[in-house]
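K.L.:
got a predicted structure plus its sequence, pasted below:
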Amino acid sequence: MKKLSICIPTLNRVRCLRNCLESIYRSSKQSNIDFEVCISDNASHENVLQIIDEYKVLIPIKFNQYEKNYGLGVNILKTVSMANSEFSWIIGNDDMLLDNTLSRLDEIFKSNIDVDYFFVNSYHLSSEYVFNKKQPFNQIDLPNKMKKFSDFKNDLTCNYFDLINYKISFDFLLGQFLSIFKTDMWRSNLNAINLDLIKDTRVMSNIYNTFSHNIIFAKAFSNSKAHFVSDPLSICLYGERDWWKDYYAFVESVRIPELLEVYRKNGLPYLSYIINKNFALRKLFVFLFKLVFVKEIKGWEYLSIKSHVIKNLLYPSIYLMPFFYLIRKIYKKTLSID
């Protein structure tokens, strides 16, 4: 059994996949950790096989290719099913490891032998910056400063549900590329998900095809020790997931509060649930406004007024955010007049 499986659900974006695999190869040269790469392709029309053939002689790769697109949720499940390792790490094909990531992970695993789940920080970097450099991207070209996903400054060993904190993860562990977890515990809790709903290929149509990994995590690691790694181990490109931006208001105001309810049912303390749900709902009225007046916003067809709006009207942040938004607008207008 390997120590780590790096699981990559992929669809097209071969230029990103090349940089992802290049980063894994470069990182592997600085580490002796026993690892594998598990890639599942969701019927790409781009030549993914060419990239796989290029890198399978450099790093250990397992590869699956579907004949049709089964949706992201199914593809994620497939990559982890391919893993033969103690730990799995699901990353996107537009993510990159740092040169020292695998060596640092080896040390982190050895220092935290009783930890089942790791939440690891990441840098954000624009795809425009990366693809304006020589390809495949070399990390000597990284900018001196990059924004971190989490601004929480210290490493933290805690219970899993202590990580459900907007100060640590503003989207409550949504990004699967930030989670490294015990593979066997994932597999033994697959009954937490509804496979039929995951197979629904309509984007964000239900909580299972939006947050399948989080639903499994909530059941699998509810009683586990977890560890937050504050110093980033990866780079996530923004600009390559533009399809996501039209759904973000919907996910933030509807699907994330639903996810918090899943956490609550699996053991998230009630006070933590209330505090974090209040934070998650802060833009609900802004979302509803955009839903009516901004035609590009998507997800409205899955909105339930009763379940997603009326049910949440007692949370004060819903009313405070529009007030603060108006105050900022007035303040900026005042400055422009001066």
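P.N.:
Received the coordinates, thanks.

K.L.:
okay, the spatially most central residue of the chain and Asn42: tell me how far apart.
P.N.:
Nearest to the geometric centre of the chain sits Gly175, at 1.3 Å (C-alpha atoms, centre = their mean). For Gly175, the distance to Asn42 equals 19 Å [C-beta to C-beta, to the nearest Å]. The C-beta positions use only the backbone N, C-alpha and C, and glycine is treated the same way.

K.L.:
ditto for Asp171
P.N.:
23 Å.

K.L.:
so the two - more neighbours on which side?
P.N.:
Asn42 (21 against 16; other C-beta atoms under 10 Å).

K.L.:
Tyr70 is in contact with that one, correct?
P.N.:
Yes: Asn42 lies in contact with Tyr70 (C-beta atoms under 8 Å); the separation is 6.4 Å.

K.L.:
quick one: buried residues of the host helix or strand of Pro257?
P.N.:
Assigned by DSSP states H and E, Pro257 falls within helix 256-265. Using 16 or more other C-beta atoms under 10 Å as the burial criterion, the residues of helix 256-265 that qualify are 256-260, 262-264.

K.L.:
show me what it is packed against.
P.N.:
In terms of contacts (3 or more C-beta pairs under 8 Å, 6 or more residues apart in numbering; DSSP states H and E), helix 256-265 is packed against helix 207-220, helix 270-280.

K.L.:
just how off-centre is the first one within its chain?
P.N.:
Right, helix 207-220. Helix 207-220 sits 12 Å away from the centroid of its parent chain (C-alpha atoms, centre = their mean, to the nearest Å).

K.L.:
from the chain's centroid, how far away is whichever helix or strand comes after it?
P.N.:
Beyond helix 207-220 in the direction of the C-terminus, DSSP H and E gives the next helix or strand as strand 225-238. Chain-centre distance of strand 225-238: 11 Å, with C-alpha atoms, centre = their mean.

K.L.:
just checking: what are the partner strands of strand 225-238?
P.N.:
Paired strands of strand 225-238, with direction, are strand 95-97 (antiparallel), strand 117-126 (parallel), strand 156-159 (antiparallel) (DSSP bridges).

K.L.:
no more questions from me, cheers.
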